[in-house]
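[1] coordinates only, no sequence provided:
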């Protein structure tokens, strides 16, 4: 099953890098994720496209602190947005 082959414990990782899905596993995982997107389209009546899907698990302890695909759209300091010029100066 997909979960047993690709999940990893972030507090004690078993992989040096993210594993590559086998083609068959990718097809199954994509089909599952697409079913979720299709259900959301039916519910909200808004066109949607599957952009990303991930194999993850959170238990009652949560994940250890980490960031994956992190992107900041803006930076704020003392209640004011920091401008691009200020960021460059820093």
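    It's in. Computed from a prediction, not measured in an experiment: that's the story for all the values here.
[2] from now on I want contacts and neighbour counts done on CA atoms only, so please keep to that.
    Will do.
[3] may I see the buried residues of the longest helix seen in the chain?
    Criterion DSSP state H: the longest helix present in the chain is helix 23-44. For helix 23-44, the buried set under the neighbour-count rule, 16 or more other C-alpha atoms under 10 Å, comprises 29, 33-34, 37.
[4] residue 7 versus the most centrally placed residue in the chain, what's the distance?
    Most central in the chain under C-alpha atoms, centre = their mean is residue 54, positioned 5.6 Å from the mean C-alpha point. When C-alpha to C-alpha, to the nearest Å is the yardstick, residue 54 and residue 7 sit 10 Å from each other.
[5] quick one: buried residues of the helix or strand containing residue 3?
    Using DSSP states H and E, residue 3 sits within helix 2-6. The neighbour-count check on helix 2-6 (16+ other C-alpha under 10 Å) flags nothing as buried.
[6] pLDDT (mean, whole number) over that helix?
    The average pLDDT for helix 2-6 rounds to 78.
[7] could you do stretch 40-60 as well?
    For stretch 40-60, mean pLDDT rounds to 82.
[8] which residues are contacting it?
    3, 6-7, 30, 33-34, 37-38 (C-alpha atoms under 8 Å, 6 or more residues apart in numbering).
[9] present those as JSON lines; the columns should include distance to residue 86.
    Putting those into JSON lines (distance: C-alpha to C-alpha, whole Å) gives the following:
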{"residue": "3", "distance to residue 86": "45"}
{"residue": "6", "distance to residue 86": "42"}
{"residue": "7", "distance to residue 86": "41"}
{"residue": "30", "distance to residue 86": "42"}
{"residue": "33", "distance to residue 86": "41"}
{"residue": "34", "distance to residue 86": "42"}
{"residue": "37", "distance to residue 86": "40"}
{"residue": "38", "distance to residue 86": "43"}
